[in-house]
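A.B. asks: Dropping a prediction and its sequence here:
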Amino acid sequence: MALKWADHSLSPYLKFSAKDTRTDQQKGKTDGRKNHPPAEASDLSAYELQLIAHGNGDLARFARYRGEELTRLSQELARQEHERDEGFKAKRDGLQREKDAAIENLRTTHGPLSSLITGLSDKLAEKRSVLQHIELELNRPLRVHFQRTYPLFLILLSLAEVPINKLAFEFFFQEAPIIALGIALMVGVLFISLAHICGIWLRQASHYHTTTGRVLAYVATAAVVVLVGCLIYFIAALRQQFIDFIETEQNFNLSEFLKSGGLSDVATNVGQVHLGTASLTLLFINVAIFGFGMILSFLRHDPHPDYEKAVKEKEQVEKKLQRAKEDFDKRSATIQKSFDTKITYLDKVIDQLESQVADLRGRMEDVEESATEAVKLVHQVIQQRILAYQAGNTEVRTPPPPKYFGEATITQLEGRIGLP
């Protein structure tokens, strides 16, 4: 209700009811017994004019209160709008600009515009071009197997060589078996490394476009295989000779053995050694391990020497680029979270101020619209009181009432009650 704020100035009118007209009726009867106002009177009586004057006085007081309230509300509205626009909105807009600048700077240092990401993007395009060229040339996917388990296989094969070969060396180092074990391990690593290389050469020999290239690959592989075979046989022969020697010589001394020229005799007589069943078995196991390593290497690698390399390089660049982008996203999220927390708080404060501003505007509209309602209210109350006065007057008077009594009074009140 528009007049709710004005309860303190127009409360008698807002609370007015029919029982409040008894005083006016009683006054009308008192004047009626005196036949006042006279029947020929054409204007309102002094009491009726007094009621109008009281009403206009209350409206004047209401107008003063209304003006003061509008001024107060207008000042409060201006203060809150200034606080909203020049305070919180300006601070929020400043934070938004700082956030945009920080994000843009991050884009330049760690983001899409940074030298790191642009360089990786260019490098990735280059690697993809190389890989695409190979794919178009071969028209087939990459042929590789057990990429993750292959290194483990090589390690296991190298370790499998140790117990086979250590027998050929431990007689030299009876007092330091760890040395014999280390030499056996190095020999195992050497054999498996050569098996790895031979497998690659065999696998990729078919890629060479010239017969000469393929022949050289096969010859190189055969040479390495022969070399490894000789070494395996040499180790088997050493193992057998030492077994034979230990059967006849119960105490073996490395220094005396070297002084006596035993080592040169062993090397000279390697080709004449008759391998026993155990030595032959270990020799075949050695050959099998080496052959198995070659097969694994053959299956593990692609016939094209550059295909897997191109794929790996592309994937490595992709991972680096992905990590760089994830780092940018993480940094960007941190910046955004830092600023958004503050901006969200300011938005809530601004929303509260907006609500308060809207409430003030509504209250100002109510106050501005209350003038018409106030005049209407006072007019209705004064009219009821005058009509009650006239009713009491007419009830007891002897001569007829004045002509302005009743409906004519309503016309008499027009223009007499209003705001100053």
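C.D. replies: Sure, I can see it. Since the structure is predicted, the reported quantities are computational estimates derived from the model, not experimental observations. Residues are numbered from 1 along each chain as shown.

A.B. asks: and Phe298, how many residues sit next to it?
C.D. replies: By the other C-beta atoms under 10 Å criterion, the neighbourhood of Phe298 contains 19 residues. In this view, the C-beta of every residue, glycine as well, is placed from N, C-alpha and C.

A.B. asks: host element of it?
C.D. replies: Using DSSP states H and E, Phe298 sits within helix 277-300.

A.B. asks: any idea of the mean pLDDT in that helix?
C.D. replies: Helix 277-300 shows a mean pLDDT of 87.

A.B. asks: Kindly export stretch 64-73 (C-alpha atoms) in PDB.
C.D. replies: C-alpha atoms of stretch 64-73 as PDB (Å, rounded to 0.1, in the frame of the first residue of the first chain):
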ATOM      1  CA  ARG A  64       6.000  18.000   4.300                       C
ATOM      2  CA  TYR A  65       6.700  14.500   5.500                       C
ATOM      3  CA  ARG A  66       6.400  13.200   1.900                       C
ATOM      4  CA  GLY A  67       8.900  15.800   0.700                       C
ATOM      5  CA  GLU A  68      11.400  14.900   3.400                       C
ATOM      6  CA  GLU A  69      10.900  11.100   2.700                       C
ATOM      7  CA  LEU A  70      11.500  11.700  -1.000                       C
ATOM      8  CA  THR A  71      14.600  13.700  -0.300                       C
ATOM      9  CA  ARG A  72      15.900  11.000   2.100                       C
ATOM     10  CA  LEU A  73      15.200   8.200  -0.300                       C
END
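
A.B. asks: what about that stretch, average pLDDT?
C.D. replies: On average, stretch 64-73 scores 90.

A.B. asks: and Leu113, helix, strand or coil?
C.D. replies: coil (DSSP: H, G, I helix; E, B strand; the rest coil).

A.B. asks: Can you report how many residues neighbour the closest residue to it other than its chain neighbours?
C.D. replies: Nearest non-adjacent residue to Leu113, counting by C-beta to C-beta, 6 or more residues apart in numbering: Arg107, 4.9 Å away. Arg107 has 15 neighbours, counted by other C-beta under 10 Å.

A.B. asks: got a list of what Arg107 touches?
C.D. replies: Arg107 sits next to Leu113, Ser114, Phe328 when contact means C-beta atoms under 8 Å, 6 or more residues apart in numbering.

A.B. asks: Likewise for Cys198?
C.D. replies: Listed by C-beta under 8 Å, 6+ apart, the contact partners of Cys198 are Thr221, Val224, Val225, Met294, Ser297.

A.B. asks: now do 6 Å
C.D. replies: Thr221, Val224, Met294 (C-beta atoms under 6 Å, 6 or more residues apart in numbering).

A.B. asks: since we're on the last one, how many residues are nearby?
C.D. replies: Going back to what we said before, that points to Met294. Neighbourhood size, Met294 [other C-beta under 10 Å]: 25.

A.B. asks: repeat for the second one
C.D. replies: Neighbour count for Val224, taken as other C-beta under 10 Å: 16.

A.B. asks: how much space between it and Met294?
C.D. replies: Per C-beta to C-beta, to the nearest Å, Val224 is found 10 Å from Met294.

A.B. asks: circling back to that earlier point, buried residues in the helix holding Phe298?
C.D. replies: Residues 279, 282-283, 286-287, 289-290, 293-294, 296-298, 300 are the ones in helix 277-300 that count as buried (16 or more other C-beta atoms under 10 Å).

A.B. asks: helices or strands next to the helix or strand where Ile134 lies in the packing?
C.D. replies: Assigned by DSSP H and E, Ile134 falls within helix 115-138. Contacts defined by 3 or more C-beta pairs under 6 Å, 6 or more residues apart in numbering; DSSP states H and E place helix 115-138 against helix 307-396.

A.B. asks: now the helix it packs on against helix 115-138, angle please.
C.D. replies: Counting by axes from the mean of the first three to the mean of the last three C-alpha atoms, to 10 degrees, helix 307-396 lies at 130 degrees to helix 115-138.

A.B. asks: follow-up on the earlier one: with distance to Lys320 as added columns, please give the contacts of Cys198 in TSV.
C.D. replies: Putting these into TSV (distance: C-beta to C-beta, whole Å) gives the following:
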residue	distance to Lys320
Thr221	36
Val224	36
Met294	34
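
A.B. asks: Output the below-cut-off pLDDT ranges for the stretch 101-250 of the chain.
C.D. replies: 167-168, 170-176, 241-250 (pLDDT under 70).

A.B. asks: the helices in it, which residues?
C.D. replies: With helices called from DSSP state H, counting those that start in this stretch, the stretch 101-250 of the chain shows them at 115-138, 150-165, 167-170, 177-204, 211-248.

A.B. asks: do you know which of these lies nearest Glu365?
C.D. replies: Closest approach to Glu365 among those is made by helix 115-138 (56.9 Å; C-beta to C-beta).

A.B. asks: rewinding a little: okay, the angle between the helix holding Phe298 and helix 307-396?
C.D. replies: Using the same axes, to 10 degrees, helix 277-300 lies at 50 degrees relative to helix 307-396.

A.B. asks: can I have helix 277-300 written out in CSV, keeping just the CAs?
C.D. replies: Taking C-alpha atoms only, helix 277-300 is exported to CSV below (Å, rounded to 0.1, in the frame of the first residue of the first chain):
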residue,chain,number,x,y,z
THR,A,277,77.8,-84.4,-23.2
ALA,A,278,77.5,-81.7,-20.6
SER,A,279,79.6,-79.2,-22.6
LEU,A,280,77.7,-80.0,-25.7
THR,A,281,74.4,-79.5,-23.9
LEU,A,282,75.5,-76.1,-22.6
LEU,A,283,76.9,-75.1,-26.0
PHE,A,284,73.5,-75.9,-27.6
ILE,A,285,71.7,-74.0,-24.9
ASN,A,286,74.0,-71.0,-25.5
VAL,A,287,73.3,-71.2,-29.3
ALA,A,288,69.6,-71.5,-28.6
ILE,A,289,69.6,-68.5,-26.3
PHE,A,290,71.4,-66.5,-29.0
GLY,A,291,69.1,-67.7,-31.7
PHE,A,292,66.0,-66.9,-29.6
GLY,A,293,67.4,-63.4,-29.0
MET,A,294,67.8,-63.0,-32.8
ILE,A,295,64.2,-64.2,-33.4
LEU,A,296,62.8,-61.8,-30.7
SER,A,297,64.8,-58.9,-32.3
PHE,A,298,63.5,-59.9,-35.7
LEU,A,299,59.9,-59.9,-34.6
ARG,A,300,60.3,-56.8,-32.4
